[in-house]
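1. fold the following, please.
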Amino acid sequence: MVDIDQEVVESCKRHLPQWHQGSFEDPRAEVRYLDARKYLEETTDTYDIIIIDISEPVEEGPAYLLYTKEFYSLVMERLTANGIISLQAGTTAAASLLNFSAVYQTLRSVFPVVSPYQAAIPSFGLPWGFALASKRFDPRGFDQNEIDRRISQRVEGELKYYDGETHAGQFYLPKQVRVQIEKQERIIEDNYPLFTYH
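-> The predicted model follows:
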């Protein structure tokens, strides 16, 4: 895990034990406190999955250069042949689709496979968009039974949200969202960043 803000992580360790459930103490876990882009620029390591959960691209904020074509190109270089990235991409509320649609098109300018999806995040108060992108892996190709089988083989205990039916359903975006993300022409670049305010 690479995070720019050690104080936030330490606060989460102390105050949100029911969320992390001791994962920071797992011997497989390593936390590095530095800029994620700088880390990817300097490492030669490759990864099967890169999960990008960052704040919105606010002007002069810490994350706006982690939404660009150049950054996604760097991420793609750090993926294994079957690697995949997962990221939050902004709201999918019909009146506020600029961030989601621009992230989608920016990812498409880099990755051959981009799979947008949405989920209800109660604390956000809006439907929220995400994307999976890869060199060749398309998560929409798995049927519900295959997802349920893999969960039963790999997960101890019961998942509260995710199963095969949820997996299939989250990729079915409403028509107005599908139309808008396909019409979007904006590609986010280092020298042409996108700033949003929520």
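2. quick check: the gap between the closest residue in space to residue 24 that isn't next to it in sequence and residue 39.
-> Among residues not flanking residue 24 along the chain, residue 13 sits closest, at 5.6 Å (C-beta to C-beta, 6 or more residues apart in numbering). Just so you know, the C-beta spots here come from the backbone N, C-alpha and C atoms, and that holds for glycine as well. Here residue 13 is placed at a distance of 20 Å from residue 39 (C-beta to C-beta, to the nearest Å).
3. again with residue 126
-> The value you get for residue 126 to residue 39, if C-beta to C-beta is used, is 30 Å.
4. ok, and the closest non-adjacent residue to the residue nearest to the spatial centre of the chain?
-> In the chain, the residue lying closest to the centroid (C-alpha atoms, centre = their mean) is residue 87, at 0.8 Å. The shortest distance from residue 87 to any non-neighbouring residue, by C-beta to C-beta, 6+ apart, is to residue 52 (3.9 Å).
5. do residue 58 as well
-> Nearest non-adjacent residue to residue 58 (C-beta to C-beta, 6+ apart): residue 195, at 6.3 Å.
6. the one you found: which element?
-> Assigned by DSSP states H and E, residue 195 belongs to no helix or strand.
7. make 22 the first number, not 1, from now on.
-> Got it, first residue is 22 now, which makes that one residue 216.
8. show the contacting residues for it.
-> 78-80, 85 (C-beta atoms under 8 Å, 6 or more residues apart in numbering).
9. could you pull out the strands for this protein?
-> 23-24, 53-54, 68-73, 100-112, 134-142, 147-155 (DSSP state E).
10. that older thread, which residues does the residue nearest to the centre of the chain contact?
-> With C-beta under 8 Å, 6+ apart, residue 108 has these contacts: 72-75, 124, 151-152, 154.
11. poorly predicted segments of this protein, please.
-> 218-219 (pLDDT under 70).
12. what's the domain layout of it?
-> 22-55, 66-204 (automatic domain parsing).
13. would you mind finding the most buried of these?
-> Comparing those by mean neighbour count (mean count of other C-beta atoms under 10 Å), domain 66-204 ranks first with a mean of 16.
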